[in-house]
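Student: Using only what follows, build the 3D model:
(2 chains)
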Amino acid sequence: MDTMHESLVKAVPALGHYPQEPISTGTTLIAMEFDGGVVVGTDSRTSAGSFISSRVTNKITPVTDHLVVCRSGNAADTQTIADVVKYQIEAYTMLEAEKVSIYRATQIFRQFLYNYRDQLSASVLVAGWDENEGGQLYALPIGGFVTRQRSTASGSGSTFVTGYLDKNWKPNMTKEECVKVVKEAVGLATFRDGSSGGVIRIGVIDKNGTDIKLYRPDGNDFPKFVAPTPHPSWPAHVEAKNQ
Amino acid sequence: MTATESQQGVLKMELDKGGAFSFDNCFRNMAMCRMGAAPPRLTSTGTTIVAASYNGGLVMGADSRATAGNIIADKHCEKVHKLTESIYACGAGTAADLDQVTKMLSSNLRLMELNTGKKARVITAMRQAKQHLFDYQGYIGAYLLIGGVDPTGPHLYECTANGTTMHKEFAAQGSGSYAAISVLERDFKVGMDEAQAKALVQRALHAGMSGDNASGNSLNLVIIRPEKTIFEGPIVPDFCKKPEPIDLEYKFKPGSTAVLKRKEIKYEIVESMDIH
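Tutor: Presented below is the predicted three-dimensional model:
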């Protein structure tokens, strides 16, 4: 918010000026590498303050056939970054007549996030597959720091599931095992995080390309959790009448 | 960092950018406001705009009230802007910015149509708007619903002043959007026909216009079909009509009011004085 001018941030009723809150993807992003690819999972909520401005957002943005970027933070910023980096990668691919590696794509994202670190509020996961290195997953938090990860969670919902991921990750997981853990983790995060919710989108990137599936909360394959039943909050005499 | 320091930091940064906007007078204006000077009023289209897609086409609509604070600045404001023959944009936000942005979009799209000899696409309009608005980091207060039919089918996009865009089946924007979106969320169905979609958009607009003080007066609709576009309006809903004056006599006959008590007070002048 620091980068916005005061006149844009403050409501001035006398001017009829009610600024809309910056739209942001208060988000859950989960991703995992497996032998031969990457699994990514996201929720689908986009909020502007307390208003859900979209409940079916696709936060898994395809950049090439074998590369996706999962976006969190300011929606306008991350959309623009994805657009510009996609354009740059397409240009490099045509000029060099060769595919851009996932690592290089990540470095292009990093360059952008670092150079504009004061003006952008964007944090992304870059996930992809290439011929030389196989499946790769890179985490780029705000500021333009890059780390390759085997399993990661990002966004506001991540705090609720890091423990779950630590517990359930093991070496040499299969694609199916990863999908199961990632989907369960997104489910757990949306269960507890108010800024995450809606449907679950699971993307698998491997040598065959990108495959994104959608899971609705009313479907059978959506993770179900039973919250501990609360103790009665009614006064004893009212509770007695209710029974 | 204290509040003033960060403000100055922001101000410095904006000046360094050397963009089109100058914030030189912001601190002077804030000081003047604190001293009690009335700030100037921006005409803002505190608005309800609604759009919904149906089987093969699109219905978009807007109210017609422009407000400046609590004053209705314009009762017959046109918020449905034509971009091309089959692409329209409904606007909420700052009226002047919306006029300029939609004017720019329509001329750019027309030039593109003439250069390519092909009909412009809705996604082109959306991307032009989004890139322009992102460049200006929200300082251009234009919130748009861009919709239309092109050779790839009917499309509807929402575009905010910050440059966020979203593809939607139905959408509402402006201060009346909360009431309008409730109606849309409840009644929208995939594969509606034109009459159903038109009725739905009209109902959503009514909700916005009756629930929001900054929306009202009348509504304009545009129905975009693959073959042709129909514009309807202004339509004045019953609840927006000026109430008829009731011409009744309110005269009472002498003696209608009963006298319950009578009291006489006697007084005498003790002293008097001339006043010049």
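
Student: Just give me the longest helix of chain B.
Tutor: Scanning chain B for the longest helix, with DSSP state H as the assignment, gives helix B:95-116.

Student: Which strands and helices lie in contact with the very next helix or strand once past that one?
Tutor: Next helix or strand after helix B:95-116 toward the C-terminus (DSSP states H and E): helix B:122-135. Secondary-structure packing of helix B:122-135 (3 or more CB pairs under 8 Å, 6 or more residues apart in numbering or on different chains; DSSP states H and E): helix A:75-96, strand B:87-94, helix B:95-116, strand B:142-150, strand B:153-159, strand B:165-167. Just so you know, the C-beta spots here come from the backbone N, C-alpha and C atoms, and that holds for glycine as well.

Student: packing partners for the one helix or strand residue B:221 maps to?
Tutor: Counting by DSSP H and E, the element that carries residue B:221 is strand B:219-224. Applying 3+ CB pairs under 8 Å, 6+ apart, we find strand B:219-224 packed against strand B:57-63, strand B:80-84, strand B:87-94, strand B:142-150, helix B:194-211, strand B:229-235.

Student: so of those, which one's packed in deepest?
Tutor: Comparing the helices and strands packed on strand B:219-224 by mean neighbour count (mean count of other CB atoms under 10 Å in any protein chain shown), strand B:57-63 comes out on top with a mean of 29.

Student: So for that one, mean pLDDT?
Tutor: Strand B:57-63 shows a mean pLDDT of 96.

Student: Dump it to PDB, keeping only the CA atoms.
Tutor: Output in PDB follows, covering the C-alpha atoms of strand B:57-63 (Å, rounded to 0.1, in the frame of the first residue of the first chain):
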ATOM      1  CA  GLY B  57     -25.200 -13.200 -27.300                       C
ATOM      2  CA  LEU B  58     -24.800 -10.600 -24.500                       C
ATOM      3  CA  VAL B  59     -26.900  -8.200 -22.600                       C
ATOM      4  CA  MET B  60     -25.300  -5.200 -21.000                       C
ATOM      5  CA  GLY B  61     -26.900  -2.300 -19.100                       C
ATOM      6  CA  ALA B  62     -26.300   0.700 -16.900                       C
ATOM      7  CA  ASP B  63     -28.200   3.200 -14.900                       C
END
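
Student: Can you name the element that comes right after that strand?
Tutor: Downstream of strand B:57-63, the next assigned helix or strand under DSSP H and E is strand B:66-68.

Student: so what does that following strand touch, helix or strand wise?
Tutor: Using 3+ CB pairs under 8 Å, 6+ apart: strand B:66-68 touches strand B:44-45, strand B:71-74.

Student: Mind listing the strands the helix or strand following the first one pairs with, and their directions?
Tutor: Beyond strand B:44-45 on the C-terminal side, the first helix or strand identified by DSSP H and E is strand B:49-54. Using DSSP bridges, the strands paired with strand B:49-54 are strand B:57-63 (antiparallel), strand B:170-173 (antiparallel).

Student: thinking again about what came up before, make a markdown table out of the helices and strands packed on strand B:219-224 and add distance to residue B:249.
Tutor: Formatted as a markdown table, the helices and strands packed on strand B:219-224 follow (distance: least, CB to CB, whole Å):
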| stretch | distance to residue B:249 |
| --- | --- |
| strand B:57-63 | 38 |
| strand B:80-84 | 46 |
| strand B:87-94 | 47 |
| strand B:142-150 | 51 |
| helix B:194-211 | 33 |
| strand B:229-235 | 36 |
